[in-house]
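**Q** sharing a sequence plus its predicted fold:
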Amino acid sequence: MAFLPHSFAARRGATKAGFDGMTKSVEIAGAGLAGLCAAARFSQLGWKVTLHERAKDLRMFGAGIWLWESGLKTLQVLGAYEQAVAHARNIREWRITDGNGNILMTRPMTETDRMLLPPRADLYQSLIDRCVANGVEIITSSVVTEVRPDGTLVQEGGRQRKADLVIVANGAYSILREQILGTAWIDFGIEAGIRMMIDRQETDPTDIITEYWKDSWRLLYNPCTQDETYIFLSAPVNDERARKMPVDRELWTEKFPVAADLIGRFAEASRWDRLVNVRCRRWSHGKVVVVGDAAHAMPPNLGQAANTAFNNVMALAMAMDKAGDIPSALVAWEAQQRPLTNHVQWWSYLYGFVIGKWPANLESLRSDALRFVSKTQWFDEGINRGARHVPAGYER
């Protein structure tokens with residue numbers, strides 16, 4: 001959790017000269033992970049950055065987050081790595097099991113193909129601190145009502161702010177995205193998701209993620225910190241008991257008796273979400289560009305949504321830093337980044353389809369199929385392409 005006053009600026013260091021001899025500037029709508037990453041990177045490259053957040057505080061719900069190799073490399077470039085992962089568990093293996101705990105898939109990690117699992121709030125704060133250190137102007141209680149292709153951002157009340165680039169990073173349900181007619185479709189899916197942090201016990205595994213599957217239900221155990229474990233649940237969205245808050249422990253114990261000890265520790269302070277996919281017709285128009293969930297929201301099936309946003313933002317910053325004609329450079333950037341993003345989205349969607357749509361009377365067939373396909377090179381490359389991507393700006 002973090003707090004900043006209504007308008008905060010601590011500008012220092014060199015700024016990037018634009019092609020007209022003036023400092024290049026960017027206005028960013030939305031201070032989630034994608035917006036903060038963009039603010040940190042553009043400011044690091046010398047741009048004048050203003051970050052707008054509609055809430056009065058900068059706050060992040062305190063569940064955990066999967067940081068794959070691509071995300072970890074991004075944090076290294078930004079100078080946020082040490083702070084972000086200070087309390088994180090270093091994950092050795094991700095496994096999927098059936099409802100009885102029988103292993104269906106295992107994905108090992110290595111020193112060059114890592115995954116760390118910090119609290120989301122730690123990651124969020126590390127990016128805030130990089131923005132502050134780089135002199136980003138952060139304006140809270142700033143409601144952005146309009147973005148224009150000429151690089152104008154309009155705040156509630158009518159104030160207009162002109163920049164070389166406007167970045168929209170205000171989430172999956174972005175109204176600003178529609179001002180550039182960006183949306184192709186939004187699929188609200190068939191799953192509800194619940195996130196929470198629970199107290200860790202000494203007997204809990206510290207470096208193995210276990211994902212239990214039972215019919216269309218899922219319970220995901222994530223070692224997170226020395227004291228806490230991150231839990232993610234998903235279930236059919238039309239099941240009223242499944243989306244009940246506080247969590248119906250009796251229901252989940254019926255589904256996953258093998259995890260009864262974990263379920264008994266489920267927290268009252270949980271968050272329920274509808275799992276959603278967003279696909280865009282285009283990511284930019286003129287000098288306006290959408291990033292993060294506003295551009296490519298996806299269910300957390302692969303734990304790669306934030307990592308994908310980081311990959312795209314890092315490439316965006318590098319492309320814009322060298323651009324003479326920003327609108328044309330945005331089109332070229334999208335053409336470069338879209339194939340990888342589409343790939344990750346498609347695999348996340350397919351993953352959710354296999355869980356949510358598979359007939360219950362054929363569950364044993366699903367288990368056999370996963371055991372077989374997860375050992376193939378096709379599956380390994382497909383599910384890990386985004387996780388292993390090297391972000392722009394990272395020096396090998």
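**A** Perfect, thanks for sending it.
**Q** just the helices from the stretch 51-200 of the chain, written as ranges.
**A** Assigned by DSSP state H, counting those that start in this stretch, the helices in the stretch 51-200 of the chain fall at 69-78, 81-84, 120-134.
**Q** which one of the ones you listed lies closest to residue 23?
**A** helix 120-134 (13.6 Å; Cβ to Cβ). Every residue, glycine included, has its C-beta placed from N, CA and C.
**Q** mind exporting that closest one as PDB, just the C-alpha atoms?
**A** Taking C-alpha atoms only, helix 120-134 is exported to PDB below (Å, rounded to 0.1, in the frame of the first residue of the first chain):
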ATOM      1  CA  ARG A 120       1.700  -7.700  -5.300                       C
ATOM      2  CA  ALA A 121       2.000  -4.700  -3.000                       C
ATOM      3  CA  ASP A 122       5.800  -5.100  -2.800                       C
ATOM      4  CA  LEU A 123       6.000  -5.000  -6.600                       C
ATOM      5  CA  TYR A 124       3.700  -2.000  -6.700                       C
ATOM      6  CA  GLN A 125       5.700   0.000  -4.100                       C
ATOM      7  CA  SER A 126       9.000  -0.800  -5.900                       C
ATOM      8  CA  LEU A 127       7.600   0.800  -9.100                       C
ATOM      9  CA  ILE A 128       6.200   3.800  -7.200                       C
ATOM     10  CA  ASP A 129       9.600   4.400  -5.600                       C
ATOM     11  CA  ARG A 130      11.400   4.200  -9.000                       C
ATOM     12  CA  CYS A 131       9.000   6.800 -10.400                       C
ATOM     13  CA  VAL A 132       9.500   9.100  -7.500                       C
ATOM     14  CA  ALA A 133      13.300   8.700  -7.700                       C
ATOM     15  CA  ASN A 134      13.100   9.500 -11.400                       C
END
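**Q** tell me the mean pLDDT for it?
**A** Across helix 120-134, pLDDT averages out at 96.
**Q** quick one: buried residues of it?
**A** Judged by neighbour count using 16 or more other Cβ atoms under 10 Å, the buried positions of helix 120-134 are 120-134.
**Q** do stretch 275-282 as well
**A** 275-280, 282.
**Q** and for stretch 213-233?
**A** For stretch 213-233, burial by neighbour count (16+ other Cβ under 10 Å) applies to 213-225, 228-233.
**Q** out of the residues you listed, name the ones that lie in strands.
**A** 213-214, 217-223, 228-233 (DSSP state E).
**Q** and the closest residue to residue 257 other than its chain neighbours, what does it touch?
**A** Closest residue to residue 257 apart from its sequence neighbours, by Cβ to Cβ, 6 or more residues apart in numbering: residue 99 at 7.9 Å. Shown in contact with residue 99 (Cβ atoms under 8 Å, 6 or more residues apart in numbering): 212-214, 255-258.
**Q** which of those residues sit farthest apart?
**A** Longest distance between any two of the contacts of residue 99 is 14.1 Å, between 213 and 257; criterion Cβ to Cβ.
**Q** this structure - how does it break down into domains?
**A** Residue ranges for the domains of the chain, per automatic domain parsing: 7-91+115-188+277-361+372-384, 93-106+189-274.
**Q** out of those domains, nearest to residue 394?
**A** domain 7-91+115-188+277-361+372-384 (4.6 Å).
**Q** top helix in this protein by residue count?
**A** As assigned by DSSP state H, the longest helix anywhere in the chain is helix 326-357.
**Q** check which element follows it along the chain.
**A** helix 363-373 (DSSP states H and E).
**Q** only alpha carbons, please: show that next one as CSV.
**A** Provided in CSV are the C-alpha atoms of helix 363-373 (Å, rounded to 0.1, in the frame of the first residue of the first chain):
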residue,chain,number,x,y,z
GLU,A,363,-12.3,-35.7,-16.4
SER,A,364,-10.0,-38.8,-16.4
LEU,A,365,-9.5,-38.2,-20.2
ARG,A,366,-8.5,-34.6,-19.5
SER,A,367,-6.0,-35.8,-16.9
ASP,A,368,-4.5,-38.3,-19.3
ALA,A,369,-4.3,-35.8,-22.1
LEU,A,370,-2.6,-33.2,-19.9
ARG,A,371,0.0,-35.8,-18.7
PHE,A,372,0.8,-36.6,-22.3
VAL,A,373,0.8,-33.2,-23.9
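**Q** mind checking pLDDT for the residue nearest to residue 257?
**A** On the pLDDT scale, residue 99 is placed at 89.
**Q** mind listing what the closest residue to residue 219 other than its chain neighbours touches?
**A** Nearest-residue entry for residue 219: residue 212, 4.5 Å, with adjacent residues in sequence omitted and distances by Cβ to Cβ, 6+ apart. Taking Cβ under 8 Å, 6+ apart, we find residue 212 in contact with 97-99, 101, 218-221, 256, 258-259.
**Q** now with 6 Å?
**A** 97, 219, 256, 259 (Cβ atoms under 6 Å, 6 or more residues apart in numbering).
**Q** could you single out the nearest of these to residue 377?
**A** Distance to residue 377 across the contacts of residue 212 (Cβ to Cβ) is lowest for residue 97, with 22.9 Å.
**Q** can you give me the neighbour number for that closest one?
**A** Close neighbours of residue 97, defined as other Cβ atoms under 10 Å, add up to 21.
**Q** you'd agree it is up against residue 103?
**A** Yes. If you go by Cβ atoms under 6 Å, residue 97 and residue 103 touch, sitting 5.3 Å apart.
**Q** which one of the domains of the chain is the most hemmed in?
**A** Comparing these by mean neighbour count (mean count of other Cβ atoms under 10 Å), domain 7-91+115-188+277-361+372-384 ranks first with a mean of 20.
**Q** before we move on, back to that, want to try CSV for the helices of the stretch 51-200 of the chain, with distance to residue 203 as columns?
**A** Putting the helices of the stretch 51-200 of the chain into CSV (distance: least, Cβ to Cβ, whole Å) gives the following:
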stretch, distance to residue 203
helix 69-78, 28
helix 81-84, 28
helix 120-134, 25
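**Q** measure residue 253 to residue 102 for me?
**A** For residue 253, the distance to residue 102 (Cβ to Cβ, to the nearest Å) stands at 19 Å.
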